[in-house]
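K.L.:
Just need the structure, nothing else, for what follows:
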Amino acid sequence: MASAYAEGLLTRLLGLDDKWDTVAEKAKELFTFHIVPNINPDGSASGYLRTNAAGSNLNREWAPSPAPENFDCCDETSDGTYDAPTLRRSPEVYHLLRQMDKTSCDAFLDIHGDEELPFNFLAGSQGMSNWGKRLEALHGSFLASYERTNSDMQGKVSYDPDKPNEGMKHICSNQIALRFDCFAGTLEMPFKDIEEKKGWGPARATMLGATVLEPLIHIWPYLRDEKEFWKDLPREDAYVVPSSKY
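P.N.:
Numbering: from 1, shown residues only. Here you go, the predicted structure:
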């Protein structure tokens, strides 16, 4: 479903549907897009849900962390932490992260599928040390605009947010939010149907990817705004504290 999401976004940006799209043209004027349709091709081809061909969970390989269970001693650092990313265990993340260090990043989405919650949702970086009014406002404004653009997106249900300074830095979107002090989140789509008669599938995932341009354009003026812009945002863009209960 993540690849279908990327296909929808790329189809719209590149005009592959032979439609003149003023929103797509505006997005290309404002942003330089770096899109990875599938960061785990070997794992996907092998039928793995979470790991690459080396057995590494690529969403836990974005920074050193406490050593996980069954870790290889060769990846242990002198202080007992687990080194990541590495060329041996997570070359996909290693090369992508170094490329991002060259270009920097202003807005980031990591696209996933979730096994439990039957909704589309965005998990934010609430547990990172740089989370504050600015990132909170960007998160809320982006989600509110996404909901207005595509009714398949919603903001009330998500993973329960991490407590301040207690988030895992080695998770992809958390590390990017912290590393580049930018808006970043993990966008999850449901493996479970969200409607009995019309379940979630490739067509709707493609449309969700295509319609991410509107919310990105919506928050573009504020991505690097150093002023207290959140004080002037409309009420309908307010951040909503999500919950996993529904």
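
K.L.:
Which residue ranges make up the domains of the protein?
P.N.:
Domain ranges of the chain: 1-30+106-246, 32-104, per automatic domain parsing.

K.L.:
Quick check: buried residues in the top helix by length along the chain?
P.N.:
Ranked by residue count under DSSP state H, the longest helix found in the chain is helix 133-149. In terms of neighbour count (16 or more other C-beta atoms under 10 Å), helix 133-149 has its buried residues at 134-147, 149. No exception for glycine: its C-beta is placed from N, CA and C like everyone else's.

K.L.:
what helices or strands is the helix or strand following that helix leaning on?
P.N.:
Remark: after helix 133-149, the chain's next helix or strand is helix 172-180, criterion DSSP states H and E. On a contact count with 3 or more C-beta pairs under 8 Å, 6 or more residues apart in numbering; DSSP states H and E, helix 172-180 meets helix 91-103, strand 107-114, strand 183-190.

K.L.:
what's the closest of these to Asp225?
P.N.:
strand 183-190 (11.4 Å; C-beta to C-beta).

K.L.:
elements contacting whichever helix or strand comes after that closest one?
P.N.:
Later in the chain than strand 183-190, the nearest helix or strand by DSSP H and E is helix 202-210. Counting contacts by 3+ C-beta pairs under 8 Å, 6+ apart, helix 202-210 packs against helix 2-13.

K.L.:
Please tell me how far the helix it packs on is from the chain's geometric centre.
P.N.:
Distance, stretch centre to chain centre, for helix 2-13: 14 Å (C-alpha atoms, centre = their mean, to the nearest Å).
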